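Novice: Here's my sequence, what's the structure:
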Amino acid sequence: MRRKALPAFIAILVVIGSSVEAADLSGRARVIDGDTINIRNQRIRIAAIDACERDQTGLKDGKVWRCGIAARSYLANMIDGQHVRCDIIDQDQYRRLVGQCFLGEIDIGFGMVKAGMAEAMLRYLPAAHSISEVEYGQAENRARENGLGIWSAEIESPHVYRRSKSSVMP
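Specialist: Numbering: from 1, shown residues only. You can find the predicted model right below:
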């Protein structure tokens, strides 16, 4: 019973205590998709990035490219099964924790943007972020100029893709 209550307790502490001080959550990471991980049974949305949805595709070299699978694979190769630390800063509308996450000193979100596997979402960059808005913007621009990842294909922006899927009636 105690093991099941711990994740809920942590989430409550984060929501209640977020105005006092950001919480940390660390442990072995399991990748859910290109911008979401799981640590100790808690889903964490990586702050300040937006990667293709798992089922999202685009066109690359005239062929269907599964950008969502590519983003998930890239993130998995970077961190899956390794010890990751996240500074929890918020909770999103899906009740996932939102955090700036690190593999050692490496900012995971920044790594995804730099590789062209995610868009920078500067308006969601935490104020106390270790990497500035300018650096995130420059990393995205370099990835775009070099045709890396999503910038090598014709895809809808992930937030546009999500919006179009949510407006489709079942």
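Novice: hey, let's count contacts and neighbours off CA atoms from now on
Specialist: OK.
Novice: just checking, what packs against the helix or strand containing R45?
Specialist: Take DSSP states H and E as the rule and R45 turns out to sit in strand 42-46. Under the contact criterion of 3 or more Cα pairs under 8 Å, 6 or more residues apart in numbering; DSSP states H and E, the helices and strands touching strand 42-46 comprise strand 36-39, strand 97-103.
Novice: can you state the direction angle for that strand and strand 97-103?
Specialist: Computed by axes from the mean of the first three to the mean of the last three Cα atoms, to 10 degrees, the angle separating strand 42-46 from strand 97-103 equals 80 degrees.
Novice: Partner strands of strand 42-46 and their direction?
Specialist: Strand pairing for strand 42-46, using DSSP bridges, gives strand 36-39 (antiparallel), strand 97-103 (parallel).
Novice: hmm, who's touching it?
Specialist: Outside strand 42-46, the residues within contact range by Cα atoms under 8 Å, 6 or more residues apart in numbering are 7, 35-38, 96-101, 108-109.
Novice: what is I88 paired to in the beta sheet?
Specialist: As for beta bridges, I88 partners with A23, G99 under DSSP bridges.
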